[in-house]
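Chemist: below is the structure, and that's it, no one-letter string:
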DNA sequence: CAAACCGACGACGTC
DNA sequence: GACGTCGTCGGTTTGA
């Protein structure tokens, strides 16, 4: 069957302009909107339609202006940097060989409408590509609508009804009732999508609605009656003409031969590298970048994959030669070999260094297997290396260097000049979707197969210590580490030089943080083990009581910790209804599920009670005392700087970023995070930082004003959404507003919000609609994030960190929807992470000379925790607050709240 | 042949 | 939305 694609050029250009960041090429010419349009066009061309046309508005008035002088009177003039992209767009369209239609006296919509119906009558399959919902009125068999930016498709009456709540044939009436403030089409006051759909559902069409206007009560009925005489005009304005005299038909719209040279020139000028590659046949073409993020990485230089020359240094003369070379080097790569994974208790077994790619040394210090050769004394080697390692002028390069910094620190060396880290460079280069360990990076960026730790030491129970590895193997493994680190660093240095934004994130945010985290981890936190043991006893006792009750109620014993047994008991034996399923489709026994059936049986409540106590005990009160380091008497978490796709830190062994706070029993655990005698715990946290970032990024005046004036945002939101004065907001309204604020930040839809608030889906939908009406900037921002994600495969933080969304163009709906939600949340979560990282460095610098009086001990995403001499608290507080608040200048103020106490609970 | 180990899953703690 | 950790469960590997 013949296929025709009609592209609504103006609508795309306009939408791409508002959705995408303000990009420009090397010449400084704006290219953001252009980029969006070109990608959209390439998408359509890939489908190889038989016929297609690019339709744009002609200049000058149209018949609608004659009908209504005020038509589009509210339209602001086209921004200059958008206007500048119109001509290049037309050049590219021409060069692509796409027929262009531009008819004066009517709008592009009317041209498209006319052609669509003509073609449909001829049995041609028509696709209208547009970002404008008004076109839904044209959907019918043979005519479908696609929006390549949002990925949505309206291909049937059912699809239209699902989206708008009215049939395609009712869309015109629907639009007329609502009116359109942008085009200045008058509608019925206070009549939005819901009301319009309701009326049309009830009465069928606009004429009937108007005839029965007197039946509709309330304020909205009055508004309807007041609008009666202008509604016919509105209907005329929103009706797309389908009978324009065109002088040509669908059959005249075959694509011409593209002008290849012209296209190459245009693509290069505007920096559309991917389009260029596709055109010139270099590299794989076809799928969008997002589905193959590795494309531009995977061309390792073959020279990087050759094996290096490695030496084992066991005599003083050779060592001195290398010491001299290291001292004269601008920078070198280094790596520590140890006997344990935990940096806080690992012993140094040997050291390796590399100054030039392809050559490296290993200096064994503590290999202790039978027949091991004599090695240099650790004190001698470390003593000689100390001045170099502590010299900030000599750059140090590592892979996950925080580990090595710990080991050396514990051997009396305070490394300075830690300049590059290939793990962090890789993380900034592409935070998601790949691992950043050396073996993976070497394979991918160098095409090099490294010796694996397991090949040298074995695994599982039979694993031996590195100290037991013979020197030959140890050298091959260890020296390689330093060499590969150096090679990787070279590769990333080149890559990042080509991406100034990413380079800055790496240089200004990540690298300076390494020392801060090392210090903070080394500081550790004091834990009151006795208090936790008391809590363990208490929780065990109460847990046992609940368990007895549960057995009694069930009439038999069972394993309360086994979801499988619970599932059988609740749903099979007791026959309770299955209301929630797990992602794998099993009947769920999670909190929501049990809560939902709690009114039908005693057991669910008991299970929940037992679970919460078991969780607290097994994860916290029992485990934390075990994690106390025997040397320091404190707990030292490990922060993973390259773990979270949004740029956040994560914390392991133990995870100190999920210590309970919400429940009474949970919060008590925080009383065991204590300050020693004479000291206090100080906790400083950013107030509403992600919401403030949303205000900043969206530039929404309402939201910005709420923060500007220092109001309670949730209350302010409630006042706006529910239309009541600030002081009359009740607690329920505030709660709902808070849920909306949170939900939207997580990209939540009406369904999840409804669940969260325990209301109907439709009601939640109304709240969201109302919210967007009050904060239109927020809606624009969210749509923009979604579109940017679709176009580029990533979104960005305030500082330009890229957050890739691997699944954004997935064929699977659930995956794609998840990625779209992530696209909304990631810029806020990621920007918040950037900000606190900068703040940490700033605070760290100030703390250096006060190390004996105060130290930073924890970071929990938006909170920094300190242990401070009691008489130093008043000095520290204002300084830390100030540094946190001044970490970055946003369009809204940053506010930091602080608390002081003898334990973490009190400090809140 | 039992003990140890491993990975997937479901659940739940935080921001 | 982003994480890490726990216990269970079923399957595999290990080692006495």
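Modeler: Done, it's in. Predicted, not measured: the structure shown is a model, and the values here were computed from it.
Chemist: show me which residues of chain A are close to DNA strand B?
Modeler: Applying C-beta under 7 Å from any atom of the strand, we find that chain A lies next to DNA strand B at A:459-461, A:563, A:582-584, A:586, A:588-591, A:593-594, A:608, A:611-612, A:615-616, A:619, A:655, A:657-663, A:666, A:860-863. Quick note: C-beta positions are derived from backbone N, CA and C, even for glycine.
Chemist: low-confidence stretches in the stretch 651-800 of chain A?
Modeler: By pLDDT under 70, the stretch 651-800 of chain A contains no weakly predicted segment.
Chemist: can you give me the strands in it?
Modeler: With DSSP state E, counting those that start in this stretch as the criterion, the stretch 651-800 of chain A has strands at A:673-674, A:679-686, A:794-796.
Chemist: ok, the last one: who's next to it in the sheet?
Modeler: Strand A:794-796 sits in its sheet next to strand A:802-804 (antiparallel), going by DSSP bridges.
Chemist: so which residues of the stretch 201-350 of chain A form strands?
Modeler: A:309-312, A:331-338, A:348-354.
Chemist: just say which of the ones you listed is most tucked in.
Modeler: strand A:348-354 (a mean of 26; mean count of other C-beta atoms under 10 Å).
Chemist: can you put the strands of the stretch 201-350 of chain A in JSON lines and add distance to DNA strand C and mean pLDDT?
Modeler: Shown next, in JSON lines, are these (distance: least, C-beta to the nearest atom of the strand, whole Å; pLDDT from 0 to 100):
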{"stretch": "strand A:309-312", "distance to DNA strand C": "29", "mean pLDDT": "96"}
{"stretch": "strand A:331-338", "distance to DNA strand C": "20", "mean pLDDT": "98"}
{"stretch": "strand A:348-354", "distance to DNA strand C": "23", "mean pLDDT": "98"}
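Chemist: so what's residue A:252 closest to, chain neighbours aside?
Modeler: Leaving aside its sequence neighbours, residue A:252 sits nearest to residue A:99 (C-beta to C-beta, 6 or more residues apart in numbering; 7.5 Å).
Chemist: now do that neighbour: how many residues are near it, please.
Modeler: Neighbour count of residue A:99, defined by other C-beta atoms under 10 Å: 17.
Chemist: now swap in residue A:573 and tell me
Modeler: So residue A:573, with other C-beta under 10 Å, has 12 neighbours.
Chemist: if I look at it, how far off is residue A:594?
Modeler: Taking C-beta to C-beta, to the nearest Å as the measure, residue A:573 falls 15 Å from residue A:594.
Chemist: count residues in the vicinity of the closest residue to residue A:122 other than its chain neighbours, would you?
Modeler: Distances taken as C-beta to C-beta, 6+ apart put residue A:250 closest to residue A:122, at 6.6 Å, once the chain neighbours are dropped. By the measure other C-beta under 10 Å, the count of residues near residue A:250 is 25.
Chemist: and residue A:875, by the same measure?
Modeler: Other residues lying near residue A:875 total 14 when counted by other C-beta under 10 Å.
Chemist: what helix or strand is it located in?
Modeler: For residue A:875, the host element (DSSP states H and E) is helix A:873-885.
Chemist: what's the closest of the strands of the stretch 201-350 of chain A to residue A:48?
Modeler: In terms of C-beta to C-beta, the element of the strands of the stretch 201-350 of chain A nearest to residue A:48 is strand A:331-338, at 50.9 Å.
Chemist: and that closest one, what other elements does it pack with?
Modeler: Judged by 3 or more C-beta pairs under 8 Å, 6 or more residues apart in numbering; DSSP states H and E, strand A:331-338 is in contact with strand A:348-354, strand A:395-398, helix A:401-409, helix A:471-497.
Chemist: buried ones in whichever helix or strand comes after the longest one?
Modeler: The one in question is helix A:471-497. Per DSSP H and E, the first helix or strand lying C-terminal to helix A:471-497 is helix A:500-504. Going by neighbour count (16 or more other C-beta atoms under 10 Å), the buried part of helix A:500-504 is A:502-503.
Chemist: please apply the same query to stretch A:405-423.
Modeler: Under 16+ other C-beta under 10 Å, the buried positions of stretch A:405-423 are A:405-408, A:410-411, A:413, A:415, A:418-423.
Chemist: now render the residues you listed as CSV, adding pLDDT.
Modeler: Output for the buried residues of stretch A:405-423, formatted as CSV (pLDDT from 0 to 100):
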residue, pLDDT
A:405, 98
A:406, 98
A:407, 98
A:408, 98
A:410, 97
A:411, 97
A:413, 98
A:415, 98
A:418, 98
A:419, 98
A:420, 98
A:421, 98
A:422, 97
A:423, 97
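Chemist: ok so, going back, who wins for proximity to residue A:48 among the strands of the stretch 651-800 of chain A?
Modeler: Per C-beta to C-beta, nearest to residue A:48 of these: strand A:794-796, 28.4 Å.
Chemist: ranking the helices and strands packed on strand A:331-338 by burial, who's on top?
Modeler: Highest mean neighbour count among these (mean count of other C-beta under 10 Å): strand A:348-354, a mean of 26.
Chemist: in three-state terms, label residue A:11 for me.
Modeler: Under the three-state scheme (DSSP: H, G, I helix; E, B strand; the rest coil), residue A:11 adopts helix.
Chemist: can you give me the helices for the stretch 551-700 of chain A?
Modeler: Using DSSP state H, counting those that start in this stretch, the helices of the stretch 551-700 of chain A run over A:563-567, A:591-597, A:603-615, A:623-626, A:664-668, A:689-698.
Chemist: what's next to the helix holding residue A:875, contact-wise?
Modeler: With contact meaning C-beta atoms under 8 Å, 6 or more residues apart in numbering, helix A:873-885 is reached by A:680, A:682, A:684, A:686, A:836, A:839, A:842-843, A:846, A:850, A:853-854, A:864, A:866, A:868, A:893-896, A:898, A:900.
Chemist: following it, which helix or strand comes up?
Modeler: As assigned by DSSP H and E, the chain's next helix or strand after helix A:873-885 is strand A:896-901.
Chemist: quick one: mean pLDDT for that following strand?
Modeler: What strand A:896-901 shows for mean pLDDT is 97.
Chemist: which residue is the nearest non-sequential neighbour of residue A:225?
Modeler: Distance criterion C-beta to C-beta, 6+ apart; nearest residue to residue A:225, sequence neighbours excluded, is residue A:213 at 5.0 Å.
Chemist: ok so, going back, which among the contacts of helix A:873-885 count as buried?
Modeler: Buried among the contacts of helix A:873-885 by 16+ other C-beta under 10 Å: A:680, A:682, A:684, A:686, A:836, A:839, A:842-843, A:853-854, A:864, A:866, A:868, A:894-896, A:898, A:900.
Chemist: that older thread, the helix holding residue A:875 to strand A:896-901, inter-axis angle?
Modeler: 150 degrees (axes from the mean of the first three to the mean of the last three C-alpha atoms, to 10 degrees).
Chemist: check which residues of helix A:873-885 are buried.
Modeler: A:873, A:876-877, A:880-881, A:883-885.
Chemist: pop the domain breakdown of chain A in here.
Modeler: Following automatic domain parsing, chain A resolves into domains at A:3-164+A:241-275, A:302-498, A:527-633, A:690-827.
Chemist: redo these as TSV? Include distance to residue A:201.
Modeler: Listed next are the domains of chain A as TSV, based on distance: least, C-beta to C-beta, whole Å:
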stretch	distance to residue A:201
domain A:3-164+A:241-275	10
domain A:302-498	44
domain A:527-633	29
domain A:690-827	13
